[in-house]
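[1] Provided below for reference: sequence and predicted model.
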Amino acid sequence: MTLTLKPIDEQAIVVVGASSGIGLVTAKLAARRGASVVLAARNGHDLRWAVREIRRQGGRAIDVVADVSDPDQIEHVADVAVAEFGRIDTWVNNAAVSIYGRVMDVDLADARRQFDVNFWGTVHGSRVAVPYLWKQGGALINVASVLADRAIPLQGIYCAAKHAVKAFTDTLRMELEAEGAPISVSLVKPGSTDTPFFQKARTYLDAEPQPVPPVHAPAVPARVILECATRPVRDVTVGAAGKLTAVLGTVAPRLSDYYMEKTLFDNQQTDVPLAPDRKDNLYTPVDDDGGERGRYQGHVMSHSLYTSAALHPVRAALVLGAAGAAVLAAAFADRR
């Protein structure tokens, strides 16, 4: 079945986990492109601020406070979206929380809470969204991580939840396709991204966590998400390093283990000690979700050539072909 999705400026889009980082940037970008946007998250203050900013710029947006671990609250998000905009064309499941610590050190209650948000939140959002998307067709986009393909130390439960999100999304896609549902199901797997995610993580370590370089700006996965909202994309990894990590984890798992054991215990931590009054958002939102960007001090990339090529392979081949032809022409001219 050929599935055609609407242009962004004709869509009503729900972004869950929209109070900061990738979700916030996605919602703002969608609104700038003309979409009607529903921003959902736990932090009502930051949601309201984001909606006011979107509206000041002429966009259409509303906010709904919701905890993804509660399916009734996610159903309420859908009810509000339909009451305000009449339909749902794209639903983005992006909410997540983080824990840093060795598996044997992390409290089981904390681990279960992380799974409630990162896995069950995606399940709740998907189960709520699908009946609405059935009505006129649309896109379901689940945001996982490169860690859905390859686990790393100090984030065991996060990795397990993202692996589960991948399996759930793949299964749901097959079942919907077999039923002939007019729904595109996409899995977006960002690599390290400079968002406030890290400064809000619960940590059992002694220093502030950080993303592992290379690091992308949140606009990079946000653009990918909106690409998936306008044409069917099965899955896509954001960033060449993430793809390389996944490939090496498959073809050389023991070598990958050794490399990660030697590097990722240190590379995931800064030299900044934890503040005595440090807050995290595992169970309740922090006062300030941090906005779009995090505190990463290294180089942050604003584009990913690999991801662009993966999304548009024909275009990439034409560009490479043209570049190759130009090089050959120049070499031939020099010989003359």
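    Okay, I see it.

[2] Who are the contact partners of the most centrally placed residue in the chain?
    Residue closest to the average C-alpha location in the chain (CA atoms, centre = their mean): Val143, at 3.8 Å. Residues in contact with Val143 (CB atoms under 8 Å, 6 or more residues apart in numbering) are 17, 22, 92-94, 96, 188, 190, 221, 225. No exception for glycine: its C-beta is placed from N, CA and C like everyone else's.

[3] from those residues, which single one is nearest Arg231?
    Taking CB to CB as the measure, Arg231 sits nearest to Ile225 out of those, at 12.3 Å.

[4] any idea which of the contacts of Val143 has the most stuff around it?
    In terms of neighbours by other CB atoms under 10 Å, the contacts of Val143 top out with Val92 at 33 neighbours.

[5] Which strand residues bridge it?
    Val15, Ile141 (DSSP bridges).

[6] list the contacts for it?
    Contacts of Val92 (CB under 8 Å, 6+ apart): 13-17, 23, 26, 141, 143, 225, 229.

[7] Any chance of the backbone angles for the residue nearest to the centre of the chain?
    phi -100, psi 110 (degrees, to the nearest 10).

[8] how far away is it from Val236?
    11 Å (CB to CB, to the nearest Å).

[9] okay, Glu53: pLDDT?
    Listed pLDDT for Glu53 reads 98.

[10] Count the residues that sit near it.
    Glu53 has 14 nearby residues by other CB under 10 Å.

[11] hang on, it packs against Ala27?
    No: Glu53 is beyond contact range of Ala27, at 10.2 Å (criterion: CB atoms under 8 Å).

[12] which SS state does Asp277 fall under?
    coil (DSSP: H, G, I helix; E, B strand; the rest coil).

[13] ok, for Ala219, nearest residue in space, not its chain neighbours?
    Once flanking residues are discounted, Ala219 sits nearest to Val25: 5.5 Å by CB to CB, 6 or more residues apart in numbering.

[14] packing partners for the helix or strand in which the one you found is found?
    Following DSSP states H and E, one finds Val25 within helix 21-32. Counting contacts by 3 or more CB pairs under 8 Å, 6 or more residues apart in numbering; DSSP states H and E, helix 21-32 packs against strand 12-16, strand 36-41, helix 44-56, strand 60-65, helix 219-230.

[15] Ok, which of these comes nearest Ala240?
    Using CB to CB, those put helix 219-230 closest to Ala240, at 11.6 Å.

[16] who does the helix or strand just after the closest one pair up with?
    Using DSSP H and E, the helix or strand that follows helix 219-230 towards the C-terminus is strand 235-238. Sheet partners assigned to strand 235-238 using DSSP bridges are listed as strand 183-190 (parallel).

[17] which ones are touching the residue lying closest to Leu29 once chain neighbours are set aside?
    Distance criterion CB to CB, 6+ apart; nearest residue to Leu29, sequence neighbours excluded, is Ala222 at 5.3 Å. Shown in contact with Ala222 (CB under 8 Å, 6+ apart): 22, 25-26, 29.

[18] Mind putting the contacts of Val143 into JSON lines with pLDDT?
    Below are the contacts of Val143 laid out as JSON lines (pLDDT from 0 to 100):
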{"residue": "Gly17", "pLDDT": "98"}
{"residue": "Ile22", "pLDDT": "98"}
{"residue": "Val92", "pLDDT": "99"}
{"residue": "Asn93", "pLDDT": "98"}
{"residue": "Asn94", "pLDDT": "98"}
{"residue": "Ala96", "pLDDT": "98"}
{"residue": "Val188", "pLDDT": "98"}
{"residue": "Pro190", "pLDDT": "98"}
{"residue": "Pro221", "pLDDT": "98"}
{"residue": "Ile225", "pLDDT": "98"}
